[in-house]
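Chemist: what would the 3D arrangement of this be:
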Amino acid sequence: MSTVPASASGQTSFLARIPGGIWLLLPAVLFLGIFFLWPLLRLLSASLPGGDFQYYEQIFDSPVFLRVIAATFKMALIVMLVTVLIAYPYAYAMANAGRRTLLLLTIALLIPFWVSLLLRSFSWVVLLQNSGLVNDLLLGLGITEKPLRLIRTPTGVAIGMVHVLLPYAVLPLYTIMKKIDIRLMEASAICGASYLRSFLRVYLPLSLPGVAAAAILTFTLSLGFYITPALLGGARDMMIPQMIAGQFLEQLNFGLGAALAVVLLAITAIAFGLFGAARLYISRRASAQEKA
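Modeler: Have a look, this model is predicted:
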């Protein structure tokens, strides 16, 4: 006759029915819950004192806050487009280059990861100022007659952000392009298609998943930039992260700062969802075309 209590036997059988993989995920789930989910809940609670939406009403009723939100969204879109446009030919060259050229391109791409973001932003402050290397080069080539105002402008902010985000766009593009069989381009050329037509009808559609991944990464990361806009931008180029830091560190208005952080998180989540839906639509359309 078994001496194991019924409750202990039932507990043992219940634990035995739990898949072993769940226990492997438990440390990660606990880590995310303690260091990610719990701070987010605290942030949301701080933005709703007593369940009141006063801080959110203040944000969406104030032209200043709305202008900053619109400016952040606009800058993120510009940086995303420029970064993907620069990253695409770079990734194409990496995917179709020889071993030595690929090594050089990879080293040139990954060097920024070995330098701190603060130092990279300060280097652009030196390069873009009126007496900096960029203006000296433009004046020396006769392209301009006087130094261009590149620092403390949206142009300077965009240049600095594109420089930081370029590797994040190149790597997913390269991953997808490396899997594309270049002989498909040769086959289309044999059928009489020009290189441009072959690229637009064959290569570009196959690389669209990489384009979508690069766009998602660069756009969502652009929304959270703080150091680069603070160093390269002016007072009118303020973005949401700078305003959040100002509310916490200068104004000591933790409730409004928390509300701005929640708004930024919501905008990022919405953008991520829209990009995901667009990517799903593109993949389904491509699958339908292949079946047809």
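Chemist: quick one: secondary structure of Tyr55?
Modeler: helix (DSSP: H, G, I helix; E, B strand; the rest coil).
Chemist: skip the chain neighbours and tell me the closest residue to it.
Modeler: In space, Tyr55 comes closest to Ala259 once its chain neighbours are excluded; the distance is 3.7 Å by CB to CB, 6 or more residues apart in numbering. Where C-beta positions appear, they are placed from N, C-alpha and C, glycine not excepted.
Chemist: surely the one you found is in contact with Phe60?
Modeler: No: if you go by CB atoms under 8 Å, Ala259 and Phe60 don't touch, sitting 10.0 Å apart.
Chemist: with neighbour numbers in mind, choose between those two.
Modeler: Per other CB atoms under 10 Å, whichever of Ala259 and Phe60 has more neighbours is Ala259, with 28 against 13.
Chemist: picking that back up, got the buried residues for the strand or helix carrying the residue nearest to Tyr55?
Modeler: Counting by DSSP states H and E, the element that carries Ala259 is helix 254-291. In terms of neighbour count (16 or more other CB atoms under 10 Å), helix 254-291 has its buried residues at 255-264, 267-268, 271, 275, 279.
Chemist: show me where the stretch 101-250 of the chain has its helices.
Modeler: 117-128, 133-140, 154-177, 183-190, 195-198, 204-222, 227-232, 240-249 (DSSP state H, counting those that start in this stretch).
Chemist: related to what we said a few turns ago, out of the buried residues of helix 254-291, which one has the weakest pLDDT?
Modeler: On pLDDT alone, Arg279 ranks lowest of the buried residues of helix 254-291, at 73.
Chemist: excluding chain neighbours, what is closest to that residue?
Modeler: Nearest non-adjacent residue to Arg279 (CB to CB, 6+ apart): Ala212, at 4.2 Å.
Chemist: from memory the one you found sits against Tyr281, does it?
Modeler: No: counting by CB under 8 Å, Ala212 stays clear of Tyr281, with 10.0 Å between them.
Chemist: so where's the chain uncertain?
Modeler: Within the chain, the stretches with pLDDT under 70 are 1-21, 282, 286, 288-292.
Chemist: between the buried residues of helix 254-291, which sits nearest Met243?
Modeler: Set against Met243, the nearest of those by CB to CB is Leu260 (5.9 Å).
Chemist: what residues are up against the closest one?
Modeler: 59, 65, 240, 243-244, 247 (CB atoms under 8 Å, 6 or more residues apart in numbering).
Chemist: swap in Ile159?
Modeler: By CB under 8 Å, 6+ apart, the residues touching Ile159 are 124, 128, 150, 232.
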